[in-house]
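> have a look at this prediction, sequence included:
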Amino acid sequence: MSGAYKFCPACATPLQLVVADEDGGAKERLRCPACGWTHWNNPTPVLAAVIEYQGKILLARNAAWPNKSMYALITGFMEAGESPQAGIAREVKEETNLDVTSLSLIGAYEFLRMNQVIIAYGVQAQGEVRLSPELVDYRLYDHDKVKCWPAGTGYALAEWLRAKGYEPEFVEWARRTD
């Protein structure tokens, strides 16, 4: 259960964890005993792009990541009032300065650890790469050399590769024990 809310944003009463019978069965939610406000804790939509640029796949490294060998898809949050397609084109432009010339939906993937749903697109892009301050590097990979990772965006990359006729190879991650 999310610890983001401790008090009701409507009336400032301390929230309580309650179990209520809903359409899908019993659900545990934070609820205000005074006004009934409910923290639904629904997943947040996140957009991801498998960018095909100059005939290769562009992966980037986030400045906040401690692992300097880790590169991934361009991702970002949808903005209110925009379609997923417009959102991914905006994110690609903001993060890489590239213009999306075509896009196609790959699929939707769970990212339970962050309570997100990833909506992934394959995009063709052109222009000159200029990274945003949140990215520190990028690499271009041949389709048959890129390795996928066992998480939401890695599964999207694998599905995109399969659709292009390549058999994806996955990197092995050490299991966390905490």
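Received the coordinates, thanks. Since this is a predicted model, take the numbers as computed values, not measurements.

> okay, helices next: where are they in the protein?
For the chain, the helices defined by DSSP state H cover 84-96, 152-163.

> just checking: what are the partner strands of the worst-scoring helix or strand of the chain on mean pLDDT?
Scoring the helices and strands of the chain by mean pLDDT, DSSP states H and E places strand 16-22 at the bottom, with a mean of 89. Sheet pairing for strand 16-22, assigned by DSSP bridges, gives strand 25-31 (antiparallel).

> contacts only, for the closest residue to W149 other than its chain neighbours.
Spatial nearest neighbour of W149, excluding adjacent residues (C-beta to C-beta, 6 or more residues apart in numbering): V171 at 5.5 Å. The way it works is simple: take the backbone N, C-alpha and C, and place the C-beta from them, glycine included. With contact taken as C-beta atoms under 8 Å, 6 or more residues apart in numbering, V171 is in contact with 147-150.

> do E134 as well
E134 makes contact with 62-64, 95 under the criterion C-beta under 8 Å, 6+ apart.

> and the gap between it and A63?
Distance, E134 to A63, using C-beta to C-beta, to the nearest Å: 6 Å.

> next: L73.
16 Å.

> now do A158
Counting by C-beta to C-beta - A158 and A63 are separated by 26 Å.

> which one's more surrounded, the two?
Neighbours around A158 and A63, counted as other C-beta atoms under 10 Å, are more numerous at A158. The numbers are 22 against 12.

> and for the more buried one, nearest residue in space, chain neighbours not counted?
For A158, ignoring the flanking residues on the chain, the nearest one in space by C-beta to C-beta, 6+ apart is P168 at 3.8 Å.

> quick one: the strands in the protein?
Secondary structure of the chain, counting by DSSP state E: strands at 16-22, 25-31, 38-39, 44-53, 56-62, 74-77, 99-111, 116-126, 135-141, 147-148, 169-170.

> adding mean neighbour count, write those out as a markdown table.
Formatted as a markdown table, the strands of the chain follow (neighbours: other C-beta atoms under 10 Å):
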| stretch | mean neighbour count |
| --- | --- |
| strand 16-22 | 10 |
| strand 25-31 | 14 |
| strand 38-39 | 16 |
| strand 44-53 | 21 |
| strand 56-62 | 20 |
| strand 74-77 | 20 |
| strand 99-111 | 15 |
| strand 116-126 | 20 |
| strand 135-141 | 15 |
| strand 147-148 | 16 |
| strand 169-170 | 12 |
